[in-house]
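S.K.: here are the coordinates; sequence isn't available:
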């Protein structure tokens, strides 16, 4: 269980660093919107932010 949490934390860190490198503050805000949407159980917010994030990462 602890190993899973460590891997999850590392994944979040790497994803955040990559988003900040390629997209700047916008990427970090989109990741924050995905996290907030998931925790608040707002599927539309989470899916919309994830789609925009994916499209921007493809173009970057």
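M.R.: Cool, the structure landed. Computed from a predicted model, the values in this text were never measured in an experiment.

S.K.: The spatially most central residue of the chain: which element?
M.R.: Geometric centre of the chain, nearest residue: residue 31, 3.0 Å, by CA atoms, centre = their mean. Here residue 31, judged by DSSP states H and E, is contained in helix 25-39.

S.K.: helices or strands up against that helix?
M.R.: If contacts are counted by 3 or more CB pairs under 8 Å, 6 or more residues apart in numbering; DSSP states H and E, helix 25-39 sits against helix 2-23, helix 43-59. Quick note: C-beta positions are derived from backbone N, CA and C, even for glycine.

S.K.: Mind listing what's buried along it?
M.R.: Within helix 25-39, the residues scored as buried using 16 or more other CB atoms under 10 Å are 27, 30-31, 33-34, 37.

S.K.: So which residues make contact with it?
M.R.: Outside helix 25-39, the residues that touch it by CB atoms under 8 Å, 6 or more residues apart in numbering are 15-16, 19-20, 23, 42-50, 52-53, 56-57.

S.K.: what about that helix, average pLDDT?
M.R.: pLDDT averaged over helix 25-39 equals 82, rounded to a whole number.

S.K.: can you give me how far that helix is from the chain middle?
M.R.: The chain centroid and the centroid of helix 25-39 are separated by 5 Å under CA atoms, centre = their mean, to the nearest Å.

S.K.: With stretch 44-51 instead?
M.R.: With CA atoms, centre = their mean, you get 10 Å for stretch 44-51.

S.K.: what's that stretch in contact with?
M.R.: Here stretch 44-51 makes contact (CB under 8 Å, 6+ apart) with 30-31, 33-34, 36-38.

S.K.: out of those, which one sits closest to residue 2?
M.R.: residue 38 (22.0 Å; CB to CB).

S.K.: Could you report the separation of the closest one from residue 18?
M.R.: Computed as CB to CB, to the nearest Å, the residue 38 to residue 18 distance reads 19 Å.
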